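S.K.: I'll drop the sequence and a predicted model, then ask my questions.
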Amino acid sequence: MARAKKAASDAAPPTTAQRLGSLLKSARDTMRKDKGLNGDLDRLPLLTWLMFLKFLDDHETAAETAAALSRQKYRPTIDPPYRWRDWALNDDLTGKNLLKFISLEDTPLPRAKGASPTSPPTTGLGLIPYLRGFVSSADPKRRVVGEVFTGVTNRMEEGALFWDILKQINGIHFDSTDEIHTLGHLYESMLKEMRDAAGDSGEFYTPRAVVRFMVQATNPRLGETVLDPAAGTGGFLVESFGHLAGQAKKAQDRETLQTRSIFGQEAKPLPHMLCMMNLLLHGLEAPSVTKGNSLAVTLTELGESDRVDVILTNPPFGGEEEKGIQNGFPADKQTSETALLFLQLIMRKLRKTPKPGRAAVVVPNGILFGDGVSGRIKQELLTQFNLHTVVRLPNGVFAPYTSIPTNILFFDRSAPTADVWYYEVAPPEGRKQYTKTAPIPFEAFADCLAWWPKRIENERAWKVPFAAEHEDARRRATPHWNAATVADARAKGLRDEIVKLEGEIDTLEAEARPPKPSARITAAKEQVLHLAGEERTARETARTERAAGDAQYWPVFNIDRKNPSARVDAEHLPPEHLVESILAKEAKIAAIVGEIKALLAGGGA
């Protein structure tokens with residue numbers, strides 16, 4: 001018994017990770033008891049904005065102390081009684097009064113701590129309405145807070161449970177570097193759980209391994225600006241911040257990192273709030289992440305001041321944008337497909353000078369082989385940008401949310417594309433795809449990163465000489481296009497002749513005496529019919545020749561190039577590709593059967 005007591009007394013104290021993990025678990029367990037919250041999609045946002053306010057108050061307290069020691073004035077971002085220290089765990093606010101203070105437009109405010117309990121309470125805006133009002137503030141810190149709280153609501157129904165959560169969050173010390181670092185990792189784990197809980201709505205998460213690979217391959221440098229125009233919960237921005245932080249050696253470097261390096265935009269309120277908290281927990285003190293649709297622009301009006309050095313993003317695909325958004329894009333490249341609009345935006349926002357900007361973008365397979373608008377966008381990408389690498393991701397990387405094959409496009413503004421390198425990341429031996437329970441690890445990209453600086457063709461990597469193929473396609477298409485131009489000109493000349501003759505006929509008919517038309521009128525009408533037939537023939541020739549030229553030219557922009565060393569696994573082909581493959585094989589069989597019949601018929605003769 002004595003030995004058991006001694007063992008217990010000698011037990012090591014819990015680590016920071018264990019203590020914080022226990023606090024967060026207790027808070028989430030408490031939330032599960034409240035009937036107003038429905039799953040992690042409600043619980044994590046509530047936990048996030050409460051931690052945000054505790055985080056801000058801890059930092060403001062430290063800043064106030066530093067200002068007092070240096071005898072300087074300090075203006076807090078949040079005024080009393082809305083600071084965490086003023087209202088959280090204040091005995092004035094319990095039960096229903098606490099919930100009223102959180103949400104109502106007009107509510108009794110908490111007395112200052114230490115004030116007489118008999119002093120009359122004042123009334124005013126509740127906490128969330130007060131913070132929402134910051135969105136129009138000239139103070140950038142207040143504006144960040146206002147943007148975070150624009151979409152925030154409290155769904156908890158039990159004031160006593162809310163109080164318990166405040167006690168648990170109050171145990172987190174955001175002025176401790178160790179605790180912030182640990183909490184950053186715990187928060188990322190919660191974001192992953194939220195993605196899993198979101199199901200089809202889980203569009204705001206990219207596997208950490210993919211994010212890390214894209215950042216390392218793109219290699220942002222301190223002093224460059226990094227943007228994610230579809231920031232989600234901030235995975236690319238957090239990873240980029242960490243990548244740049246390792247390069248900050250001096251105070252000036254750290255100031256550059258904090259104020260002029262990381263930028264983002266996110267359309268939806270929930271991911272935006274999660275993104276802000278994610279960046280704060282990882283050390284970015286005032287995140288520059290705008291809330292709003294990045295596509296709500298007039299593309300041609302974006303200038304050099306709107307451009308950045310590096311873009312890393314996984315824009316949503318499969319979504320549809322309204323006509324008002326589409327109208328901001330060039331007329332021949334307007335589409336409702338979100339991913340195609342984002343690709344155009346990214347191309348436009350890459351810096352031209354002094355150093356060409358670069359991008360890494362996750363895209364669905366359909367963009368690679370798509371024609372029409374997709375083809376025209378890829379024409380611009382390949383002829384005005386350097387699409388130097390396409391990394392083909394293995395099946396299941398985004399499972400179970402989509403089974404669509406995905407790729408990463410790496411391009412820059414250095415020059416038109418000469419060669420496109422392809423690298424196929426394969427699942428491990430014995431497996432055909434990754435799954436939700438066995439996701440892709442960062443180690444799956446090790447061979448690709450080793451290959452990246454010194455490229456040679458191998459069983460996973462191959463090169464397509466795009467510039468040579470493009471020149472050949474143009475050469476083959478040009479005679480057809482020229483013939484179409486000639487036919488168009490002939491059709492226009494014939495139309496002019498017809499119009500002239502019709503005018504003469506009108507004049508003759510006005511002068512003729514009925515009922516018998518003159519021979520000149522009859523001859524002119526016959527000539528019109530003849531010319532109209534020739535015009536139709538010329539226009540049909542123009543259409544045929546133009547289509548023939550297009551058939552020679554546009555396929556070069558199909559960048560869905562298969563690995564020449566790989567065996568095609570029909571079992572895992574997309575359905576549309578599988579159908580095409582079956583039809584092609586049937587056509588070949590029919591052709592062979594036809595040849596055999598012809599031979600037999602010849603032999604019989």
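M.R.: It's in. Numbering: from 1, shown residues only.

S.K.: thought Leu191 was touching Leu281?
M.R.: No - judged on CB atoms under 8 Å, Leu191 makes no contact with Leu281 at a distance of 10.7 Å. Where C-beta positions appear, they are placed from N, C-alpha and C, glycine not excepted.

S.K.: Could you give the backbone dihedrals for Val362?
M.R.: phi -80, psi 130 (degrees, to the nearest 10).

S.K.: Skipping adjacent residues, who's closest to it in space?
M.R.: With CB to CB, 6 or more residues apart in numbering as the criterion, Val362 has its nearest non-adjacent residue at 3.9 Å, and that residue is Asn314.

S.K.: Verify the stated contact: that neighbour with Pro229.
M.R.: No - counting by CB under 8 Å, Asn314 stays clear of Pro229, with 10.7 Å between them.

S.K.: Quick check on those two: which one has the bigger neighbour count.
M.R.: Between Asn314 and Pro229, Asn314 has the larger neighbour count (other CB atoms under 10 Å), namely 28 against 23.

S.K.: pLDDT score assigned to the more buried one?
M.R.: Asn314 carries a pLDDT value of 95.

S.K.: got it, and Glu576?
M.R.: For Glu576, the predicted pLDDT is 61.

S.K.: what about the strands in the stretch 451-600 of the chain?
M.R.: 461-464 (DSSP state E, counting those that start in this stretch).

S.K.: nope, the stretch 151-300 of the chain is what I meant
M.R.: 226-228, 262-266, 288-291.

S.K.: Tell me which of the ones you listed lies nearest to Glu320.
M.R.: strand 262-266 (18.3 Å; CB to CB).

S.K.: Helix or strand: which one has the residue nearest the centre of the chain?
M.R.: Central residue of the chain (CA atoms, centre = their mean): Pro315, 1.9 Å from the mean position. Pro315 is part of no helix or strand when elements are defined by DSSP states H and E.

S.K.: Give me the number of neighbouring residues for the residue lying closest to it once chain neighbours are set aside.
M.R.: In this structure, Pro315 finds its nearest non-sequential neighbour in Phe342, 3.6 Å apart by CB to CB, 6+ apart. Residue crowding around Phe342 was assessed by other CB under 10 Å; the count is 24.

S.K.: wait, doesn't Phe342 sit right on Ala230?
M.R.: Yes - shown here, Phe342 and Ala230 form a contact pair, counting by CB under 8 Å, at 6.4 Å.

S.K.: quick one: common contacting residues for those two?
M.R.: Here Phe342 and Ala230 share the contacting residues Ser294, Thr313, Pro315, Pro316, scored by CB atoms under 8 Å, 6 or more residues apart in numbering.

S.K.: Can you say which of these are buried?
M.R.: Applying a neighbour-count criterion of 16 or more other CB atoms under 10 Å, the buried members of the shared contacts of Phe342 and Ala230 are Ser294, Thr313, Pro315.

S.K.: just to revisit the earlier point, and the residue nearest to the centre of the chain, what is it in contact with?
M.R.: Pro229, Ala230, Thr338, Ala339, Phe342, Leu343, Ile346, Val361, Val362.

S.K.: So which of these is the closest to Glu469?
M.R.: For the contacts of Pro315, the nearest to Glu469 is Leu343 (21.1 Å; CB to CB).

S.K.: for the host helix or strand of the closest one, the distance to its chain's centre please.
M.R.: Leu343 is located in helix 338-349, with elements delineated by DSSP H and E. Averaging C-alpha positions (CA atoms, centre = their mean, to the nearest Å) puts helix 338-349 10 Å from its chain's average.

S.K.: name the helices or strands packed onto it?
M.R.: Here helix 338-349 touches strand 310-313, strand 358-364, helix 365-369, helix 373-384, going by 3 or more CB pairs under 8 Å, 6 or more residues apart in numbering; DSSP states H and E.

S.K.: what about the residue nearest to Ser261 when sequence neighbours are not counted, neighbour count?
M.R.: Using CB to CB, 6+ apart and skipping the chain neighbours, the partner closest in space to Ser261 is Leu244 (5.6 Å). Close neighbours of Leu244, defined as other CB under 10 Å, add up to 21.

S.K.: Was I right to think Leu244 contacts Thr218?
M.R.: No - look at Leu244 against Thr218 with CB under 8 Å: they stay out of range, at 11.8 Å.

S.K.: what about the stretch 451-600 of the chain, any weak spots by pLDDT?
M.R.: 512-517, 567-581, 584, 587, 594, 598 (pLDDT under 70).
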